[in-house]
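Visitor: what's the 3D shape of this:
(one chain, ligands or ions: 1)
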Amino acid sequence: MIVWIIIIGGLISISLATYLKFQAAKKTELSPAEEATSGQKSSSSTVLEAVSDGVVILDNKGVIKMINPAACALSGWQQKDAIGIDHRSVFKLSNEKGKPYEDSDNPLSRTLADGKTHRDSNAILTENGSNKSIVLSMSVSPLFDSEQEINGAIGILRDISQEKQAEKQRAEFISTASHEMRTPVASIEGYLALAMNPKVSSIDDKARSYLVKAHAATQHLGSLFQDLLTSAKVEDGRLTNHPSVVEMSSFLTSLTEDLKFVVKKNIAVEFVVGNNGALIKPQEDTGSIRVVQPIYNIYADPERIREVVTNLFDNAVKYTESGKITIGLTGDNDIVQLYIKDTGKGIPSNDIPHLFQKFYRVDSSDTRTESGTGLGLFITRKIIEMYRGRIWVESKVGQGSTFYINIPRLNNQQAAELSGNSTTKTVKPTT
Ligand code: ADP
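Guide: Alright, predicted model coming up:
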């Protein structure tokens, strides 16, 4: 009996010990959610260590909190030295002309300043301790705390020197080839014009009709070479650019007057400032009415802006049978917005995402008959991006299209400094 009591007591104590051990083990076990989070944490740091793109995390003062091995390799800094240092000391950035980036150029500083995502694919990064430099593609996004206050930024960095080099060679080839071919094409065009001129040549009507077609085709070829040349220049940064302060209200007023004359179709052309035309203010003292337009200053080469507006306007005319084309100007404190609106055939929604790519043309009977290269909108986008602007289109088939352009607006002080003036006019009265 005593033996049985001892045996049963022993078994109970063993079971109890095992149970308590099991309970204790259960307490230290992680819940499935906790397991997932900790697994995610360790796997994300493994990913950050392994990825070939550089990743850097900054706090809201621009101090580096995390830098992965790829970003260390790009900058030439050791991980332990870079952490706790201002990003500008670690990533020494300049533009292609060697001018060091200001905070207003640097996407890391810009994101910390305005809480928006910024990208740059032309930054030159000089490696620490050597003179080696690479072309860097950067994409920087803000990080927010639980109160939605910006508390840092994350930057993804990639060495795109090889792609840039290949792009440059391709652009050089295109630009040399189109430049060489433009000259003989221009002389063919000239001889065809002479052959069609009754004052210098006598030909029969049949021959003339062939020459008219040959002349039109040669003109098309000439404009194709011209567009190729411009797009190659725009891509490798050789497009001439002499920026100055441009007051868009007066600039577009006179450009619209010029453009009106080239429209040979039954299309009305108007220029609108603000939401509903110009602001009209009565003048108490004289009783007369004065039209006051807001000042919309931008910093750009007026020739390039003329090219952009003319190109969008020519397209609006080309793809509109009758109706109206509106050139509009509006904006807020930060941006100047111009738009070109037509009542033409519109653009199918499937085509819209591809419209600003090189050689893209909507495949329709109209575009097959209308001459064009599919380079105009690509060149336009590149020019607008050169001025840190954005271009996009809204369109409905059968109802028309509106191309919008946003460009950073200069305030009066910036405009005065950039134009070397100490005074600027705040309103521009016209009668
Ligand atoms: P293209 O030389 O063919 O006009 P673009 O790059 O200027 O080349 O335009 C690309 C295509 O976008 C055009 O072929 C046309 O299909 C379409 N497109 C451009 N502007 C308009 C517009 N205002 N209305 C309708 N379609 C347009």
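Visitor: and Lys97, that one's in a helix?
Guide: No - counting by DSSP: H, G, I helix; E, B strand; the rest coil, Lys97 is not part of a helix but coil.
Visitor: Compute the number of surrounding residues for it.
Guide: Residues near Lys97, counting by other CB atoms under 10 Å, number 7. All C-beta atoms are positioned from the backbone trio N, CA, C, and that covers glycine.
Visitor: ok, now how distant is it from Asp105?
Guide: Look at Lys97 and Asp105: by CB to CB, to the nearest Å, they are 12 Å apart.
Visitor: go on, Gln79?
Guide: For Gln79 relative to Asp105 (CB to CB), the value is 26 Å.
Visitor: Name the residues of the single longest strand found in the chain that are buried.
Guide: Ranked by number of residues, the top strand in the chain under DSSP state E is strand 133-144. Under the neighbour-count criterion of 16 or more other CB atoms under 10 Å, strand 133-144 has Ile134, Val135, Leu136, Ser137, Met138, Ser139, Val140, Pro142, Leu143 buried.
Visitor: Using PDB, write out every CA atom in that strand.
Guide: The C-alpha coordinates for strand 133-144 follow below in PDB (Å, rounded to 0.1, in the frame of the first residue of the first chain):
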ATOM      1  CA  SER A 133      31.900  60.200 -59.300                       C
ATOM      2  CA  ILE A 134      28.800  58.400 -60.500                       C
ATOM      3  CA  VAL A 135      25.400  59.400 -61.800                       C
ATOM      4  CA  LEU A 136      22.800  58.700 -59.100                       C
ATOM      5  CA  SER A 137      19.100  58.000 -59.500                       C
ATOM      6  CA  MET A 138      17.300  59.000 -56.200                       C
ATOM      7  CA  SER A 139      13.800  58.500 -55.000                       C
ATOM      8  CA  VAL A 140      13.000  60.000 -51.600                       C
ATOM      9  CA  SER A 141       9.800  59.600 -49.700                       C
ATOM     10  CA  PRO A 142       8.700  61.100 -46.400                       C
ATOM     11  CA  LEU A 143       8.200  59.100 -43.200                       C
ATOM     12  CA  PHE A 144       5.400  60.200 -40.800                       C
END
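Visitor: so after that strand, what's the next helix or strand?
Guide: Next along the chain after strand 133-144, taking DSSP states H and E as the criterion, comes strand 150-159.
Visitor: Who are the packing partners of that following strand?
Guide: Counting contacts by 3 or more CB pairs under 8 Å, 6 or more residues apart in numbering; DSSP states H and E, strand 150-159 packs against strand 54-59, helix 69-75, helix 107-114, strand 133-144.
Visitor: Could you find the closest non-adjacent residue to the closest residue to the ligand within the stretch 101-250 of the chain?
Guide: Per CB to the nearest ligand atom, Asp227 is where the stretch 101-250 of the chain lies closest to the ligand, at 7.5 Å. Take Asp227 and drop its neighbours on the chain: the residue closest to it by CB to CB, 6 or more residues apart in numbering is Leu375, 4.0 Å away.
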